[in-house]
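Engineer: When you get a sec, could you give me coordinates for this:
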Amino acid sequence: MENKYKIITVVLCVAAFFLGWYARALLHICPVAEPEIQTEVKYKNDTKTEIVYVPKYIYQDGSTEKTDIDINVGKQELAVKVNGKDFGIKKTDDEKYVFDKYKLQLNQTSRSDLNITVPVIDKTKHWEIGIGTSKDGAVGMIGFPVKGNIGGWIAGRQDNVMAGIVVKI
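Structural biologist: Numbering: from 1, shown residues only. I've put the predicted structure just below:
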């Protein structure tokens with residue numbers, strides 16, 4: 001009869017081990033990488049040239065204009081948007097083209113303070129349950145917390161019961 005209890009005890013311990021292993025595999029959560037943040041810059045250039053053959057200007061004295069070609073190049077415009085909002089850049093009168101005499105200068109400062117306070121969560125298991133064997137047969141055990149690092153335990157079987165105090169170090 002004693003061998004029967006020993007075999008049952010060993011089978012239950014092995015089954016508990018594999019059930020715990022399987023439960024841990026099911027409850028495991030894998031970490032996920034954060035997505036990359038990309039800054040998008042779009043540049044679009046649009047130049048329009050119009051060539052038209054027009055009559056020469058006739059002055060009040062009856063003479064005609066001596067110019068054969070009249071070229072008019074307007075000031076270049078630059079439209080800038082930052083985060084979808086217009087950012088105006090005006091050229092000065094002595095500039096023929098944008099960035100001819102002036103430049104864009106970007107000064108940016110930033111500061112980040114990251115203060116993290118993680119609450120201490122005690123995930124220590126405080127209750128215990130166990131099964132074992134002795135020369136007289138199978139034995140059960142229950143452990144319980146009392147206060148702080150002090151706990152207690154009760155072990156035994158139907159005809160013999162023991163109790164005690166444990167200091168966890």
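
Engineer: Can you give me the pLDDT of Asp61?
Structural biologist: For Asp61, the pLDDT comes out at 91.

Engineer: Same question for Ile37.
Structural biologist: For Ile37, the predicted pLDDT is 68.

Engineer: With the one 5 residues further on instead?
Structural biologist: Model confidence at Lys42, expressed as pLDDT, equals 70.

Engineer: can you tell me how far it sits from Val80?
Structural biologist: 11 Å (CB to CB, to the nearest Å). Backbone N, C-alpha and C define where each C-beta goes, glycine included.

Engineer: higher neighbour count, these two?
Structural biologist: Val80 (10 against 5; other CB atoms under 10 Å).

Engineer: is it fair to say Leu26 lies in a strand?
Structural biologist: No: counting by DSSP: H, G, I helix; E, B strand; the rest coil, Leu26 is not found in a strand; it is helix.

Engineer: ok, now how distant is it from Trp127?
Structural biologist: 23 Å.

Engineer: Show me what the helix or strand where Gly132 lies is packed against.
Structural biologist: Using DSSP states H and E, Gly132 maps to strand 128-134. Contacts defined by 3 or more CB pairs under 8 Å, 6 or more residues apart in numbering; DSSP states H and E place strand 128-134 against helix 2-27, strand 137-147.

Engineer: Give me the contacts around the last one.
Structural biologist: Under the criterion CB atoms under 8 Å, 6 or more residues apart in numbering, residues 2, 5-6, 8-9, 126-133, 151-157, 165-166 lie in contact with strand 137-147.

Engineer: Filter the residues you listed down to the buried ones and express that as a ChimeraX selection.
Structural biologist: Selection of buried members from the contacts of strand 137-147 for ChimeraX, criterion 16 or more other CB atoms under 10 Å:
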select :9,151,155
